[in-house]
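Chemist: Dropping the sequence and predicted coords here.
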Amino acid sequence: MIKKIAILTSGGDSPGMNSAVRAIVNTAFKKGLEPYLVYEGYLGLTNGNFKKAEKSDVKLIGSLGGTVIYSARFPEFKKVEVRKKAIEKLKEEGIDALVTIGGDGSYIGASKLTEMGIKTIGLPGTIDNDIASTDYTIGFHTALDTIVRSIDQIRETTESHNRATIVEVMGRFCGDLAIHAAIATGAQVLSTSERKLTEEEIIKESQKARKEGNRSIIIIVSEYLYDVNALAKKIEAETNIETRATILGYPQRGGRPTAEDRILAGRMGAFAVEKLIEGETGVAVNIVNNKLTTKDIMEVVSMNRPNKDELFKQYDLIK
Ligand SMILES: Nc1ncnc2c1ncn2[C@@H]1O[C@H](COP(=O)(O)OP(=O)(O)OP(=O)(O)O)[C@@H](O)[C@H]1O
Ligand SMILES: O=P(O)(O)OC[C@H]1O[C@](O)(CO)[C@@H](O)[C@@H]1O
């Protein structure tokens, strides 16, 4: 029987994390549990930076971006002696279980705690949509909307100036943000780690788009693939198409969560508490065909992401 549960957010913040925290706290109270808020992810867990939650802590937070309990990248948590310190802090407070909201790195941290005897459950909180077991992660749709709105604006100036613009989007090594944004905006060129174009191919596709009569050419690329400023100069030199580059950067991570992300986070939060009460541990929550499921967290981390061929095919048809 669990009594006290701790909640933390970890890794890159994502819109909807607050909706998840609110749902977990409110569900915990309704089920007679005592929820605790951990500040700054595994860093705060290790330092005992947590407090007993009150209902007022989560009032009106569901519509806010970022994470009100803060996040951290804390690589030291990979060391067993650091995790032992965190476990001591949990035990001192009599906390039985931990809900981790974060990406795959945060999931590995949770699974290591499970191996060391702590009950854990993970919620997928990352804009990247790079967790293979779930159709969507919390924050993906908000980030996608932000990207699409930005590219609509970039399209207007690009069209006005008869230019090409390279737009670099986040996603770590998962192309979901880039592919979906390309479908939504009609970008003429798309390159992601799943289907990476050479610089020469990007130049060729841009020339083709210009020959087809486009004044504005939008080239969406995933982060970590190119030096986009150098690539813009190369395109301009080789094609005579005036070219600019924009790295969309951190605005993609912020902003108020869309209704979709709030609902996803809320449902996952309530479900996670129910599953902990039923005795599940070492699992991650997923949404698959609009149904909530759980899966062993280590299995989730080692799963291959679904093949994107169909999405690319549809993008090629639509653009
Ligand atoms: N192998 C590991 N063992 C223990 N803890 C880990 C491990 N990998 C990551 N963590 C913990 O999880 C935290 C978050 O991981 P990471 O920085 O990879 O982000 P993430 O959860 O994958 O989210 P994002 O989608 O933003 O990358 C790390 O800072 C660290 O505290
Ligand atoms: O905030 P940081 O540590 O610079 O991390 C940036 C990374 O985090 C994410 O925003 C989320 O994982 C990635 O898209 C990006 O590569």
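Modeler: Received it, and whenever you're ready, just let me know what you need. Numbering: from 1, shown residues only. Ligands and ions are numbered 1, 2, ... in the order given.

Chemist: In which helix or strand does residue 205 reside?
Modeler: Using DSSP states H and E, residue 205 falls within helix 199-211.

Chemist: what is the mean pLDDT for that helix?
Modeler: Across helix 199-211, pLDDT averages out at 98.

Chemist: mind starting the numbering at 632 from now?
Modeler: Let's use 632 as the start, then, which means that last one is helix 830-842.

Chemist: For it, which helices and strands make contact with it?
Modeler: strand 795-800, strand 820-822, strand 848-853, helix 859-870 (3 or more C-beta pairs under 8 Å, 6 or more residues apart in numbering; DSSP states H and E). To be clear about C-beta, it is placed using only N, CA and C from the backbone, and glycine gets the same treatment.

Chemist: Now mean pLDDT and distance to residue 668 too, for these, in TSV please.
Modeler: TSV is the format used below for the helices and strands packed on helix 830-842 (pLDDT from 0 to 100; distance: least, C-beta to C-beta, whole Å):
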stretch	mean pLDDT	distance to residue 668
strand 795-800	98	32
strand 820-822	98	40
strand 848-853	98	34
helix 859-870	98	39
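
Chemist: Looking at these, which is nearest to residue 921?
Modeler: strand 795-800 (26.1 Å; C-beta to C-beta).

Chemist: What's the first helix or strand after the closest one?
Modeler: helix 807-816.

Chemist: ok, residues contacting that following helix?
Modeler: 758-761, 771, 774-775, 778-779, 782-783, 786, 800-802, 818, 821-823, 825, 849, 851-853, 883, 939, 942-943, 945-946, 949-950 (C-beta atoms under 8 Å, 6 or more residues apart in numbering).

Chemist: restrict the residues you listed to contacts with ligand 2.
Modeler: 758-759, 801-802 (C-beta under 6 Å from any ligand atom).

Chemist: for these, which one is nearest residue 898?
Modeler: Nearest to residue 898 among those, with distances taken as C-beta to C-beta, is residue 758, at 18.5 Å.

Chemist: contacting residues around that closest one?
Modeler: Residue 758 touches 643, 645-646, 768, 770-771, 773-774, 801-802, 808, 883-884, counting by C-beta under 8 Å, 6+ apart.

Chemist: now the one helix or strand residue 900 maps to: mean pLDDT?
Modeler: Assessed by DSSP H and E, residue 900 sits inside helix 890-908. For helix 890-908, the mean pLDDT works out to 98.
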